[in-house]
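J.: output the structure for:
(chains A and B)
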There are 2 protein chains.
Amino acid sequence: MEQVIVHMSMSLDGFVAGPNVGLERPMGEGGERLHEWLFADPRDPRDAEVAAEMLAEIGAVVLGNRTFTVGEAQWGGATPFPVPCFVLTHVAREELVKGPTSFTFVTDGVESALGQARAAAGDKHVALMGADVTQQFLRAGLLDELQINLVPVLLGGGTRLFEHLGADHVELERTRVIESPRVTHLRFRVLK
Amino acid sequence: MEQVIVHMSMSLDGFVAGPNVGLERPMGEGGERLHEWLFADPRDPRDAEVAAEMLAEIGAVVLGNRTFTVGEAQWGGATPFPVPCFVLTHVAREELVKGPTSFTFVTDGVESALGQARAAAGDKHVALMGADVTQQFLRAGLLDELQINLVPVLLGGGTRLFEHLGADHVELERTRVIESPRVTHLRFRVLK
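T.: Numbers count the residues shown, from 1 in each chain, chains lettered A, B, ... in the order given. Okay, here's the model as predicted:
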């Protein structure tokens, strides 16, 4: 069955962006270090396989308004994913279509956004973008899988993926490890 | 050559102890989850091998006074390691010998403690205990290796291993991955 999944490149100290994320620095200061594996030339074949799998398995995206705003400046209104995207926001706005990517602005909450994304994704996965949205889905028990691309660096600061989760343990099952020289690709299933 | 190394069982969200560590809860609330793999019965053979290697490669330990104080309550004055231990503290105190473990209290700083530990360790590694001491050694550029036993759980709170490191990136090289059902054992070398 289709899953709700997040793919994140994370430093060993838990950061998915550097400090001071903004329109001019979408990945924060030094945050591009986390994505070097994606843009390396030549790219390691195992890294390329993980990237291709990610693109192939995603049928829709849910993201936050901050990720959209920062991303719009970076990507010219597209996202890295050529699929229907659903932006969690408090401000209603008309649908925006940019090439293969459409943005629907959802003002009535996480479950509504997820329902629309599931319908759009068909038999593919719904992917989350952004640490804040990931935390919302984790807290709501709505996340099924995590693909953590663990980068061997300590960033020292920035945006943490895992924060504000509350005191209840979330048990995971590690379902796959793919080692490349630049990354350790770890896949987990959330146990419910 | 002998290395300065830290072995830590860490949750995917970066915690090495649960919240509210104290004399009655040395691992914090729920923190014992991180060490289940060590005490499982039967223990997975790969986990057993990692634990045996850790004991075999450690010739001396440097720890902080808080870890010592909490540990003294838990271990009756021993540490998990039957080797000379050097406690970083501000209060001078006579050496304490408990079976195969000795505690020397060092009041003149990290480098002094490391020098004494290196001398005691001979051709074995010097291991660090405690998140705070690990951070001090990382900041001082004195840590050579990390053995992170990554436990598939989100604790949601507690003591983070990687904090207060400053903004400079610390590049690592992943030198080994050992997968067991309960843990992903990751070994890193600090690139200097």
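
J.: which regions of chain A sit below the pLDDT cut-off?
T.: In the predicted model, chain A carries pLDDT under 70 at residues A:1, A:77-78.

J.: so which residues on chain A come close to chain B?
T.: Counting by CB under 8 Å from any CB of the partner chain, chain A comes close to chain B at A:12-14, A:19, A:29-30, A:33, A:138, A:146, A:148, A:150, A:152-157, A:160-162, A:165-174, A:177, A:179, A:184, A:186, A:188. Any C-beta I mention is one placed from the backbone N, CA and C, and that applies to glycine too.

J.: in helices only, show me those residues.
T.: Mapping the residues of chain A next to chain B onto helices (DSSP state H) picks out residue A:138.

J.: next, the buried residues of the lengthiest strand in chain A.
T.: Longest strand in chain A, counting residues (DSSP state E): strand A:170-179. By 16 or more other CB atoms under 10 Å in any protein chain shown, the buried positions in strand A:170-179 come out as A:170, A:172, A:174, A:178-179.

J.: report how many residues lie close to residue A:25.
T.: 17 (other CB atoms under 10 Å in any protein chain shown).

J.: I meant residue A:66, not that one.
T.: Residues near residue A:66, counting by other CB under 10 Å: 16.

J.: could you do residue A:81 as well?
T.: Residue A:81: 19 surrounding residues under other CB under 10 Å.

J.: pick the one among the buried residues of strand A:170-179 closest to residue B:108.
T.: Of all the buried residues of strand A:170-179, residue B:108 sits closest to residue A:179, with 42.1 Å by CB to CB.

J.: doesn't residue A:46 make contact with the closest one?
T.: Yes: look at residue A:179 against residue A:46 with CB atoms under 8 Å: they come within range, at 7.3 Å.

J.: for the one residue sitting closest to the centre of chain A, give its distance to residue A:61.
T.: Nearest to the geometric centre of chain A sits residue A:129, at 3.2 Å (CA atoms, centre = their mean). Taking CB to CB, to the nearest Å as the measure, residue A:129 falls 6 Å from residue A:61.

J.: mind listing the shared neighbours of these two?
T.: residue A:79 (CB atoms under 8 Å, 6 or more residues apart in numbering or on different chains).

J.: quick one: secondary structure of the residue located most distally from the centre of chain A?
T.: For chain A, the largest distance from the centre (CA atoms, centre = their mean) belongs to residue A:42, which lies 24.0 Å off. Here residue A:42 is recorded as coil under DSSP: H, G, I helix; E, B strand; the rest coil.
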